[in-house]
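Peer 1: Pasting a predicted model and its sequence here:
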Amino acid sequence: MEEKYILAVDHGTSGVKNSIITVTGKLIDFAFKSTPIYYKEDGGVEQDPDEWWEAFIVTTKELLEKCKINKNDIVAISVSSTFSSTVAVDKNGKHLMPALTWLDARGSPIVRRVMSGIPSIEGYSVNNIIKWLPLTGGAPTLSGKDDIAHVLFIKENLPEIYNKTDKFLGSKDYFNLRLTGKSYASFDSITLFWITDNRNPNKIKYSNKLIKSLGLDKEKFPPIVRSDAIIGTISKDVAKKLQLPERVKVVAGSPDLQSAAIGSGAVEDFKAHIYVGTSSWLLAHVPFKKTDVLHNIAALPSSISGRYLCMNEQDIAGGALDFLINNIIFHNKKLNSTEVSDKYRLIDEIVAQVPAGSNGVIFTPWLNGERTPVDNEKIRGSFTNLSITNNINDMARSVFEGVALNSRWVMVYVEKLLKRKLDKINIIGGGAKSSVWCQIFADVLNREIHQVKDPIVANSRGAAFIASVGLGYISYQDIPNLVKIEKVFTPNQDNVPLYDNIFKEFVNIYKNNKKMFGRLNP
């Protein structure tokens, strides 16, 4: 039998990575093209959907040229994309303005106003908690970075755009519109619009009550289908541009968090994975719907219909390493091509030489505020406890440790919600390529860390698996055996007590400075 392939699209904040993956999860090759981020003076963080699409076309053509596979053996396209990046499109499928990314918090004041009231808990009126929590498993986050905050921001500040909008789409669903000409959302991609009834994970539906309470128009939101549903085939125009057969199917797909959960191999209940990319998260599938309102953790619809995924997201992880490299270590220095490709390896070598604890330096990775376990867009990153004897090497290791400490912070509350210890955690994303970082995670969390093979394409692998299930090639139960583990990292017990103490102070940095951050960033 000839091998069949999925064109798996991993659209992230930094760009588009397209992969050719077999229906059983074997990576053939991938190609990447970056896309710019536009930071606005009013605090907006936008991207151009046309630049997303151009990156998709360019990387697909490059990939097909490199792989030399028979294009007739490509059976489907499946997209994984950033969760909570929102595109407003008109009746012709044209975007009406730049996409508001998951970093865009301009809707925060609106959400805070809508969710407020007396009596309240952590900024939410009790009435709103009663209204939202039973149906959705959560509520619009006060940080204003959800899809619903973007919609409310457009409605209040750009009414002419709102009125012209035919559909508000998540970025994954925008790609599918460009591929097929059809607007759909999946059970999971619609979640952060916070207008769906998620009580039956097999039948997610819109809640008229929630939509009405927000003053929105139901017809501006797309039909909802399963993540592994076949929503159509590629359009004639796309087929011509890519020189692919028009019979190539398009699967609904999933946002990045849910795709990563599938691609990590951790699809069984209570099996967890950590993702370290620009952002970070610690997720696990669970057999129940449950929410920790105070810490922004909730069991929400998974890519796997009928299942929930205990979800959370931390704003900055690997992005902190890029900040260190670009703005401190190599700031204003022109790098040659070798240095550019080797900069992460060089940082690894530096970090490996610094003792655990970074000679007293603690880094907090809250460069863009934080979502979990605190929903606070005002807090900021810091290097704490610097002395005259510290150097850039200590700061570099403290970034690695700070990201791991932040993951430990959320792990405390995830384990409380799950009522169990997460013994073995798979790790994926660009950060998982670093064995040094994997060992730091094992020591800081005091958990066994399993480094997934080809961790940087876990989102793509998840997208491919979702398509493979939709097409009938595999089942979700097959996935744990199809994902390979490169290496297992066990905690160094000599370092565990040290990190236990540092973690206490890490949390204290937030507690002691929360009010100060509020004053500095009104």
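Peer 2: Nice, thanks for sending it over.
Peer 1: Tell me where the stretch 101-250 of the chain has helices.
Peer 2: 108-115, 126-136, 147-157, 159-164, 171-180, 208-213, 236-242 (DSSP state H, counting those that start in this stretch).
Peer 1: next SSE after the helix or strand where C438 lies?
Peer 2: For C438, the enclosing helix or strand under DSSP states H and E is helix 435-445. Sequence-wise, the next helix or strand downstream of helix 435-445 (DSSP H and E) is strand 448-452.
Peer 1: okay, the angle between that next one and helix 435-445?
Peer 2: 150 degrees (axes from the mean of the first three to the mean of the last three C-alpha atoms, to 10 degrees).
Peer 1: Please export the C-alpha coordinates of strand 448-452 as PDB.
Peer 2: The C-alpha trace of strand 448-452 is given here as PDB (Å, rounded to 0.1, in the frame of the first residue of the first chain):
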ATOM      1  CA  GLU A 448      10.000  12.900  35.300                       C
ATOM      2  CA  ILE A 449      10.200  14.700  32.000                       C
ATOM      3  CA  HIS A 450       9.800  12.800  28.700                       C
ATOM      4  CA  GLN A 451      11.300  14.600  25.700                       C
ATOM      5  CA  VAL A 452       9.100  13.800  22.700                       C
END
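Peer 1: name the helices or strands packed onto that strand?
Peer 2: Under the contact definition 3 or more C-beta pairs under 8 Å, 6 or more residues apart in numbering; DSSP states H and E, strand 448-452 sits against strand 424-428, helix 435-445, strand 485-489. Using the backbone N, CA and C atoms, a C-beta is placed for each residue, glycine as well.
Peer 1: List the buried residues in the helix holding C438.
Peer 2: Judged by neighbour count (16 or more other C-beta atoms under 10 Å), helix 435-445 contains these buried residues: 436-445.
Peer 1: Just give me the closest of these to A352.
Peer 2: Nearest to A352 among the buried residues of helix 435-445 is V436, at 5.0 Å by C-beta to C-beta.
Peer 1: so where is the stretch 301-450 of the chain shaky, pLDDT-wise?
Peer 2: 333-341 (pLDDT under 70).
Peer 1: is it true that D292 touches K416?
Peer 2: Yes. D292 is in contact with K416 according to C-beta atoms under 8 Å; the separation is 7.3 Å.
Peer 1: returning to that earlier point: other residues contacting the helix holding C438?
Peer 2: 274, 276, 348, 351-352, 356, 400-401, 403-405, 407-408, 411, 425, 427, 431-432, 447-449, 451, 487, 489-492, 495-496, 499, 503 (C-beta atoms under 8 Å, 6 or more residues apart in numbering).
Peer 1: Alpha carbons only: can I get it in PDB?
Peer 2: Output in PDB follows, covering the C-alpha atoms of helix 435-445 (Å, rounded to 0.1, in the frame of the first residue of the first chain):
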ATOM      1  CA  SER A 435      18.300  18.800  26.900                       C
ATOM      2  CA  VAL A 436      19.600  21.400  29.400                       C
ATOM      3  CA  TRP A 437      16.200  23.000  29.700                       C
ATOM      4  CA  CYS A 438      14.500  19.600  29.900                       C
ATOM      5  CA  GLN A 439      16.700  18.700  32.900                       C
ATOM      6  CA  ILE A 440      16.000  22.000  34.500                       C
ATOM      7  CA  PHE A 441      12.200  21.300  34.100                       C
ATOM      8  CA  ALA A 442      12.700  17.900  35.700                       C
ATOM      9  CA  ASP A 443      14.600  19.400  38.700                       C
ATOM     10  CA  VAL A 444      12.300  22.400  39.200                       C
ATOM     11  CA  LEU A 445       9.100  20.400  38.900                       C
END
